[in-house]
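K.L.:
Here is a sequence with its predicted model. Questions after.
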Amino acid sequence: MSEQMLCPCGSGQPFQQCCEPYISGKLVAPTPEKLMRSRFTAFCQGNAGDYILRTWHPDTRPELTAAQVEQENQQGRWEKLEVRESHSNDDLGEVTFCAWYRDKSGLHPHIERSQFVRIAGEWLYTTGEFLPYTRD
(Lines give C-alpha, C1' and ligand atoms only; values in the text may rest on other atoms or scores of the structure.)
Protein backbone atom coordinates (compact mmCIF):
# COMPACT_ATOMS: atom_id res chain seq x y z
CA MET A 1 0.00 0.00 0.00
CA SER A 2 1.33 3.42 -0.86
CA GLU A 3 1.43 6.28 1.62
CA GLN A 4 -1.34 7.98 -0.33
CA MET A 5 -3.73 5.07 0.18
CA LEU A 6 -6.31 5.63 2.87
CA CYS A 7 -6.71 3.01 5.55
CA PRO A 8 -9.54 0.53 4.87
CA CYS A 9 -10.89 1.10 8.40
CA GLY A 10 -12.56 4.33 7.30
CA SER A 11 -10.59 6.66 9.58
CA GLY A 12 -9.62 8.91 6.66
CA GLN A 13 -5.93 8.55 7.58
CA PRO A 14 -3.19 6.95 5.49
CA PHE A 15 -2.74 3.24 6.23
CA GLN A 16 0.87 3.74 7.45
CA GLN A 17 -0.30 6.26 10.05
CA CYS A 18 -3.43 4.38 11.08
CA CYS A 19 -3.65 0.58 11.31
CA GLU A 20 -0.28 -0.49 9.89
CA PRO A 21 1.70 0.04 13.13
CA TYR A 22 -0.72 -2.24 15.00
CA ILE A 23 -0.91 -4.95 12.34
CA SER A 24 2.88 -5.01 11.97
CA GLY A 25 3.35 -5.26 15.74
CA LYS A 26 5.25 -1.96 16.05
CA LEU A 27 2.57 -0.63 18.42
CA VAL A 28 -0.36 -2.00 20.39
CA ALA A 29 -3.78 -0.49 19.79
CA PRO A 30 -4.47 2.10 22.51
CA THR A 31 -8.27 1.65 22.50
CA PRO A 32 -10.79 -1.11 21.74
CA GLU A 33 -11.99 0.86 18.72
CA LYS A 34 -8.50 1.13 17.24
CA LEU A 35 -8.00 -2.60 17.78
CA MET A 36 -11.31 -3.40 16.10
CA ARG A 37 -10.49 -1.06 13.18
CA SER A 38 -7.07 -2.67 12.75
CA ARG A 39 -8.59 -6.17 12.80
CA PHE A 40 -11.04 -5.09 10.07
CA THR A 41 -8.13 -3.69 8.05
CA ALA A 42 -6.20 -6.94 8.43
CA PHE A 43 -9.22 -8.81 7.03
CA CYS A 44 -9.41 -6.34 4.11
CA GLN A 45 -5.77 -6.98 3.28
CA GLY A 46 -6.28 -10.73 3.09
CA ASN A 47 -3.43 -11.60 5.43
CA ALA A 48 -5.36 -11.43 8.66
CA GLY A 49 -4.58 -14.77 10.25
CA ASP A 50 -1.60 -14.01 12.48
CA TYR A 51 -2.87 -10.62 13.60
CA ILE A 52 -6.42 -11.79 14.28
CA LEU A 53 -5.21 -14.69 16.41
CA ARG A 54 -2.58 -12.55 18.18
CA THR A 55 -5.24 -10.00 19.21
CA TRP A 56 -7.87 -12.56 20.30
CA HIS A 57 -7.98 -13.41 24.00
CA PRO A 58 -6.63 -16.98 24.45
CA ASP A 59 -9.62 -18.02 26.60
CA THR A 60 -12.10 -17.36 23.77
CA ARG A 61 -9.89 -17.81 20.68
CA PRO A 62 -11.00 -20.73 18.50
CA GLU A 63 -8.62 -23.57 17.70
CA LEU A 64 -7.70 -22.26 14.27
CA THR A 65 -4.43 -21.71 12.48
CA ALA A 66 -3.60 -18.43 10.76
CA ALA A 67 -4.06 -20.21 7.42
CA GLN A 68 -7.56 -21.35 8.44
CA VAL A 69 -8.52 -17.79 9.43
CA GLU A 70 -7.30 -16.54 6.06
CA GLN A 71 -9.15 -19.32 4.22
CA GLU A 72 -12.43 -18.46 5.97
CA ASN A 73 -11.84 -14.80 5.13
CA GLN A 74 -11.66 -15.62 1.41
CA GLN A 75 -15.41 -16.38 1.31
CA GLY A 76 -16.05 -12.69 0.67
CA ARG A 77 -14.42 -9.27 0.46
CA TRP A 78 -14.70 -6.73 3.27
CA GLU A 79 -15.54 -3.33 1.83
CA LYS A 80 -16.60 -0.79 4.46
CA LEU A 81 -16.65 -0.26 8.20
CA GLU A 82 -19.09 1.88 10.19
CA VAL A 83 -18.39 2.25 13.91
CA ARG A 84 -21.72 2.84 15.62
CA GLU A 85 -20.64 3.05 19.25
CA SER A 86 -17.39 2.67 21.16
CA HIS A 87 -16.53 3.01 24.82
CA SER A 88 -14.17 1.70 27.45
CA ASN A 89 -13.53 2.14 31.13
CA ASP A 90 -10.45 0.83 32.86
CA ASP A 91 -9.73 -2.56 31.30
CA LEU A 92 -13.07 -3.38 29.63
CA GLY A 93 -14.33 -2.07 26.31
CA GLU A 94 -17.12 -2.49 23.81
CA VAL A 95 -17.45 -1.54 20.13
CA THR A 96 -20.63 -1.83 18.07
CA PHE A 97 -20.05 -1.74 14.33
CA CYS A 98 -21.38 -2.65 10.92
CA ALA A 99 -18.83 -4.16 8.52
CA TRP A 100 -19.95 -4.62 4.92
CA TYR A 101 -18.73 -7.59 2.90
CA ARG A 102 -19.39 -8.76 -0.62
CA ASP A 103 -19.70 -12.38 -1.72
CA LYS A 104 -21.13 -14.12 -4.78
CA SER A 105 -24.69 -13.21 -3.77
CA GLY A 106 -24.08 -9.49 -3.16
CA LEU A 107 -23.31 -6.96 -0.44
CA HIS A 108 -24.14 -7.89 3.17
CA PRO A 109 -23.93 -6.19 6.58
CA HIS A 110 -22.20 -7.85 9.51
CA ILE A 111 -23.38 -6.08 12.66
CA GLU A 112 -21.64 -6.94 15.89
CA ARG A 113 -21.22 -5.71 19.45
CA SER A 114 -17.68 -6.78 20.37
CA GLN A 115 -16.22 -7.07 23.84
CA PHE A 116 -12.58 -6.29 24.65
CA VAL A 117 -10.35 -6.62 27.69
CA ARG A 118 -7.00 -4.96 28.39
CA ILE A 119 -4.31 -7.21 29.81
CA ALA A 120 -0.83 -5.89 30.60
CA GLY A 121 -1.57 -2.76 28.57
CA GLU A 122 -2.79 -4.61 25.45
CA TRP A 123 -6.41 -4.69 24.27
CA LEU A 124 -7.68 -8.11 23.17
CA TYR A 125 -10.93 -9.14 21.49
CA THR A 126 -12.93 -11.56 23.65
CA THR A 127 -16.41 -12.12 22.21
CA GLY A 128 -18.95 -10.66 19.85
CA GLU A 129 -22.73 -10.62 19.71
CA PHE A 130 -24.31 -10.53 16.26
CA LEU A 131 -27.07 -7.93 15.95
CA PRO A 132 -29.87 -7.49 13.41
CA TYR A 133 -29.30 -4.93 10.68
CA THR A 134 -30.97 -1.59 11.29
CA ARG A 135 -30.34 1.67 9.47
CA ASP A 136 -29.28 4.44 11.86
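P.N.:
In hand now; what should we look at?
K.L.:
ok, then the element right after the longest helix anywhere in the chain?
P.N.:
Longest helix in the chain by number of residues, with DSSP state H as the criterion: helix 32-45. Using DSSP states H and E, the next helix or strand after helix 32-45 towards the C-terminus is helix 49-54.
K.L.:
Which helix or strand contains L81?
P.N.:
Assigned by DSSP H and E, L81 belongs to strand 77-89.
K.L.:
Remind me what the longest helix of the chain packs against, helices and strands.
P.N.:
Packing contacts for helix 32-45, counted by 3 or more Cβ pairs under 8 Å, 6 or more residues apart in numbering; DSSP states H and E, involve helix 20-23, helix 49-54, strand 77-89, strand 92-103, strand 106-119, strand 122-130. Quick note: C-beta positions are derived from backbone N, CA and C, even for glycine.
K.L.:
quick one: it to strand 122-130, angle?
P.N.:
Angle, helix 32-45 to strand 122-130, by axes from the mean of the first three to the mean of the last three Cα atoms, to 10 degrees: 70 degrees.
K.L.:
Looking at helix 32-45 now, give me its mean pLDDT.
P.N.:
Over the span of helix 32-45, the pLDDT mean works out to 96.
K.L.:
Begin at 49, not 1, for the rest of this chat.
P.N.:
All set: I'll call the first residue 49, so the last point we hit is now helix 80-93.
K.L.:
So which bits of it are buried?
P.N.:
80-93 (16 or more other Cβ atoms under 10 Å).
K.L.:
for those residues, which one is nearest P69?
P.N.:
Closest approach to P69 among the buried residues of helix 80-93 (Cβ to Cβ): S86, at 8.7 Å.
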